[in-house]
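> Fold the stuff below for me.
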Amino acid sequence: MSPQSRSRSRPPGPRGDPIFGNSRQYARDPFGFLTACEAAYGDVVSVDFGPLSAYVLTNPTDVERVLVGDHERYRKPEFQADELGRLLGNGLLLSEGETWRRQRDLATPAFNMSRIADVADTMTAHAEATVGSWSTGDELDLEAEMARLTVRIIADAMLGVDLSAARVRTIQETLDPLGKRFEPDPVRFVTPDWVPTRGNRDFEDAVERLEGVVDDIVAERRGTEGDADADDPPMDLLSILLRAQNRGGQTDRQLRDEVLTMLLAGHDTTALTLTYAGYLLAEHPAAEGRLHAELDSVLDGAPTFADARELTYLDRVLQETMRLYPPVYAIFREPLVDVKLGGYRIPEGAAVMCPQWAVHRSPRWWDDPERFDPDRWTRDRSAGRPRFAHFPFGGGPRHCIGKQFSLLEARLILAVIGREYRLDYRGDGPPDLQGSLTMHPEGGMPIRVERR
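Residues are numbered from 1 along each chain as shown. Reported below is the predicted structural model:
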């Protein structure tokens with residue numbers, strides 16, 4: 001077959017069912033499905049999700065091209081905008097074009113490195129309050145503990161509020177119905193949003209409850225944002241947005257969308273990274289022992305921003321955790337024009353999937369990919385590895401704006417936990433994983449803590 005004819009042919013892929021295509025296979029086990037596609041079909045895989053045709057990219061070169069090199073030829077996909085739009089509106093995660101550029105520029109000062117360094121002590125204080133409530137022998141759900149902790153941190157550091165226990169509880173109670181809405185479900189995928197199913201009603205109720213929390217936060221902060229011309233105005237994100245609104249550059253709706261996006265997206269992925277890191281350390285006592293030794297040699301009291309830079313083994317633990325258990329396990333894009341990837345023509349409007357799960361665990365890019373091995377992140381062993389063999393935060397202009405905030409937060413929290421406790425995983429076998437917008441352990445993460 002000539003290169004020209006090959007570029008017009010459809011990539012290989014698994015056979016699907018009538019009407020539903022591969023969506024039932026994907027819904028049963030999205031992670032096993034993606035792994036099997038990568039192993040069987042290579043760089044570009046054609047997948048049929050019923051009404052949606054998708055192309056799965058498993059070569060880091062193609063992923064980098066979509067997210068970085070040719071990023072201007074892609075947008076966030078329309079199929080995500082409908083349901084996610086009801087939840088997050090036109091916030092940074094979903095907005096496009098000039099709206100996205102304006103909001104990104106507006107938010108950037110809240111996430112620059114000097115400001116992130118300034119909130120390190122806030123992160124540590126919240127972590128110590130959480131860990132200080134534990135006692136040796138306690139059995140707890142590490143996912144729930146980390147979610148409560150990280151939502152408090154994001155609210156304090158980026159929204160300038162101290163969330164009450166009732167507000168934290170309200171947020172956590174909404175996460176289950178929200179998550180279920182985005183779980184792979186071929187029947188729901190073809191069911192209109194206006195149909196009054198139990199899932200649709202629960203989703204709408206959860207959104208309304210979250211909007212009530214956001215309204216309360218904004219009302220509490222309004223009038224405290226300071227003047228942009230002042231010598232030292234508050235630089236948390238909500239203060240910046242309120243000052244922009246005072247100048248006529250932010251509608252009430254845009255403000256709601258950005259605060260809700262920050263409240264949800266700003267805590268979930270960090271909480272999950274810490275959840276899976278705790279599980280992996282509990283299951284690998286030698287690695288946990290090395291982490292404890294590093295903490296004992298570096299820390300002199302509560303961990304600081306300067307300490308976090310010295311905790312090199314801890315950082316490798318987190319990188320390896322995000323390789324094996326990437327909280328965001330697949331990124332979607334939609335080409336604005338016909339494009340060519342891996343020698344195949346991908347039509348305008350198709351869904352392009354860049355699956356962290358499959359790429360991060362591929363034996364093509366990783367030695368013994370199923371093994372937890374933090375030392376694979378040493379400089380010598382990282383040399384020559386494709387850049388986008390690991391992309392837990394995405395890449396290119398649309399990479400996660402909170403990447404450095406999240407990494408510092410995870411380092412400090414894990415340091416606080418490891419300074420005080422050993423972890424013992426109490427589940428029966430590896431955790432079952434549930435795919436939604438992010439990848440959660442089904443039923444939580446049961447951990448017993450033992451004082452060191």
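
> Only C-alpha atoms from now on, for both contacts and neighbour counts.
Fine.

> Secondary structure element holding His440?
Under the criterion of DSSP states H and E, His440 resides in strand 439-441.

> The helix or strand that that strand is followed by pairs with which strands, parallel or anti?
Next in sequence after strand 439-441, counting helices and strands by DSSP H and E, comes strand 446-451. Strand pairing for strand 446-451, determined by DSSP bridges: strand 139-141 (antiparallel), strand 421-425 (antiparallel).

> Below-threshold pLDDT in the stretch 51-200 of the chain: ranges please.
80-82, 185-195 (pLDDT under 70).

> Tell me which of the strands paired with strand 446-451 is the most buried.
strand 421-425 (a mean of 21; mean count of other CA atoms under 10 Å).

> what distance separates it from the middle of the whole chain?
24 Å (CA atoms, centre = their mean, to the nearest Å).

> How about the helix or strand that that strand is followed by, which residues are buried there?
Using DSSP H and E, the helix or strand that follows strand 421-425 in sequence is strand 433-435. Using 16 or more other CA atoms under 10 Å as the burial criterion, the residues of strand 433-435 that qualify are Leu433, Gln434, Gly435.

> and the gap between Asp121 and Arg115?
Applying CA to CA, to the nearest Å, the value for Asp121 to Arg115 is 12 Å.

> likewise Asp229?
For Asp229 relative to Arg115 (CA to CA), the value is 18 Å.

> Looking at the two, which one has more neighbours?
Set Asp229 next to Arg115 and count neighbours by other CA atoms under 10 Å: Arg115 wins out with 15 against 7.

> residues touching the more buried one, list them.
By CA atoms under 8 Å, 6 or more residues apart in numbering, the residues touching Arg115 are Pro109, Met235.

> And the residue lying closest to Pro233 once chain neighbours are set aside, which helix or strand is it part of?
Nearest non-adjacent residue to Pro233, counting by CA to CA, 6 or more residues apart in numbering: Gly226, 5.4 Å away. If you go by DSSP H and E, Gly226 is not part of any helix or strand.

> so how many other residues sit close to Gly226?
17.

> quick one: it and Leu238 touch, right?
No: counting by CA atoms under 8 Å, Gly226 sits too far from Leu238 to count as a contact (11.1 Å).

> Quick check, Ala308 in contact with Arg411.
Yes: between Ala308 and Arg411 there is a contact under CA under 8 Å: 6.2 Å.

> Show the end-to-end separation of stretch 370-379, please.
Where stretch 370-379 begins and where it ends lie 20 Å apart, using CA to CA.

> So which residues make contact with that stretch?
With CA under 8 Å, 6+ apart, stretch 370-379 has contacts from Leu280, Tyr313, Arg316, Val317, Gln319, Glu320, Thr321, Leu324, Arg361, Arg381, Ser382.

> What residues of that stretch count as buried?
By 16+ other CA under 10 Å, the buried positions in stretch 370-379 come out as Phe372, Asp373, Pro374, Arg376, Trp377.

> would you turn those residues into JSON lines with distance to Lys403 and pLDDT?
Listed next are the buried residues of stretch 370-379 as JSON lines, based on distance: CA to CA, whole Å; pLDDT from 0 to 100:
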{"residue": "Phe372", "distance to Lys403": "22", "pLDDT": "98"}
{"residue": "Asp373", "distance to Lys403": "22", "pLDDT": "98"}
{"residue": "Pro374", "distance to Lys403": "20", "pLDDT": "98"}
{"residue": "Arg376", "distance to Lys403": "21", "pLDDT": "97"}
{"residue": "Trp377", "distance to Lys403": "18", "pLDDT": "97"}
